[in-house]
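>>> Okay, here's the prediction I keep looking at, along with the sequence it came from:
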Amino acid sequence: MVSTFLVLSAVIRFVIACQKIPLYYGTLDPALALPGGLITSVISSCQCCAFCNNNELCKSFSFRGSTGECTLYSKVGSYPTFLRQDWGAEDTEFYIMPRSSTTEEFCRQDEDCVNGEPCLGRVCTTNRTITCLSIKELNPTINTHTFWGAVDGTEIRLSCLMDVQGGGWTMLVDAIFNFFWQPADVLSLNSIGQGGVHTMGQHYSALW
């Protein structure tokens with residue numbers, strides 16, 4: 001009966017992990033890859049997840065669809081160890097395993113944080129506000145992109161400009177030069193893309 005329960009728990013953990021969308025596109029520092037953790041000719045992220053689930057040392061993994069490369073990691077990873085892919089080069093999906101995240105590591109929900117912190121801005125932290133500047137300070141070489149952040153405990157998506165004038169700029173709204181900043185114009189420009197994510201292709205207002 002106990003062995004059946006353990007097998008069932010493992011299957012549920014595997015299914016939950018495989019159903020989750022990738023946290024970000026990118027990889028971790030190669031030093032965090034498990035020995036023998038680079039597996040080639042994998043056909044899907046779900047198969048890569050199965051390899052991770054069957055290795056008790058695996059806490060996260062990345063899957064590169066174009067080459068079928070699956071890499072297993074010994075840690076969930078955090079901003080200082082994460083190598084985020086650029087716009088237009090998003091080929092490698094990064095996933096984390098449930099209930100495996102420690103302080104300042106990536107997470108998907110509160111239950112993932114094993115040290116008792118809440119999951120805010122997709123990081124296990126007690127900081128209630130996480131901005132682009134916060135992320136830039138954690139990883140000075142991180143790329144311009146969208147990230148998860150938080151304002152006073154409420155999770156939000158951030159559009160971060162990381163490679164201009166020191167980086168760490170939070171993009172507030174898209175704008176077009178010489179257009180009036182009327183509410184209708186702002187709403188129209190910021191309704192482009194999935195979930196209203198900024199395109200970063202226009203002029204913009206930014207907060208540092």
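Great, that's in hand. Remember, predicted model here, so these are calculated numbers, not experimental data. Numbers count the residues shown, from 1 in each chain.
>>> where along this structure do the strands fall?
Shown for the chain, the strands assigned by DSSP state E span residues 24-28, 33-39, 60-64, 69-73, 82-84, 92-96, 119-120, 123-124, 145-151, 154-161, 169-175, 203-207.
>>> Out of the ones you listed, which gets the lowest mean score?
Lowest mean pLDDT within the strands of the chain: strand 203-207, at a mean of 51.
>>> Break this structure into its domains for me.
As recorded under automatic domain parsing, the domains making up the chain are 19-99, 159-207.
>>> Show me which of these has the highest average neighbour count.
Mean neighbours per residue, mean count of other C-beta atoms under 10 Å, is largest over the domains of the chain for domain 19-99, with a mean of 18. In this view, the C-beta of every residue, glycine as well, is placed from N, C-alpha and C.
>>> what's residue 153 in contact with, if anything?
Applying C-beta atoms under 8 Å, 6 or more residues apart in numbering, we find residue 153 in contact with 120, 128, 129.
>>> For the first one, give the beta-bridge partners.
Partner residues in beta bridges with residue 120, using DSSP bridges, are residue 123.
>>> List the residues that contact it.
Residue 120 neighbours (C-beta under 8 Å, 6+ apart): 127, 128, 130, 150, 153, 155.
>>> Pull out the buried residues from these.
130, 150 (16 or more other C-beta atoms under 10 Å).
>>> closest to residue 52 among the contacts of residue 120?
Nearest to residue 52 among these: residue 155, at 25.4 Å, using C-beta to C-beta.
>>> The closest one touches residue 149, doesn't it?
Yes: between residue 155 and residue 149 there is a contact at 7.5 Å, judged by C-beta atoms under 8 Å.
>>> Touching both of those two, which residues are there?
Common contact partners of residue 155 and residue 149 (C-beta under 8 Å, 6+ apart): residue 121.
>>> Now the closest residue to residue 52 other than its chain neighbours: phi and psi?
Using C-beta to C-beta, 6 or more residues apart in numbering and skipping the chain neighbours, the partner closest in space to residue 52 is residue 58 (4.0 Å). Residue 58 adopts backbone torsions of phi -80, psi 120, taken as degrees, to the nearest 10.
>>> my read: residue 58 touches residue 75, true?
No: no contact is recorded between residue 58 and residue 75 when judged using C-beta under 8 Å, the distance being 9.8 Å.
>>> My read is that residue 96 contacts residue 107, right?
Yes: with contact defined as C-beta under 8 Å, residue 96 and residue 107 form a contacting pair (7.0 Å).
>>> In the protein, where is pLDDT below threshold?
1-21, 173-208 (pLDDT under 70).
>>> change it to 80
Residues of the chain meeting the criterion pLDDT under 80: 1-23, 87, 172-208.
>>> Report the buried residues of stretch 120-137.
120-125, 130-136.
>>> what about that stretch, distance to the chain center?
Relative to its chain's centre, stretch 120-137 lies at 12 Å (C-alpha atoms, centre = their mean, to the nearest Å).
>>> Thank you kindly, that will do.
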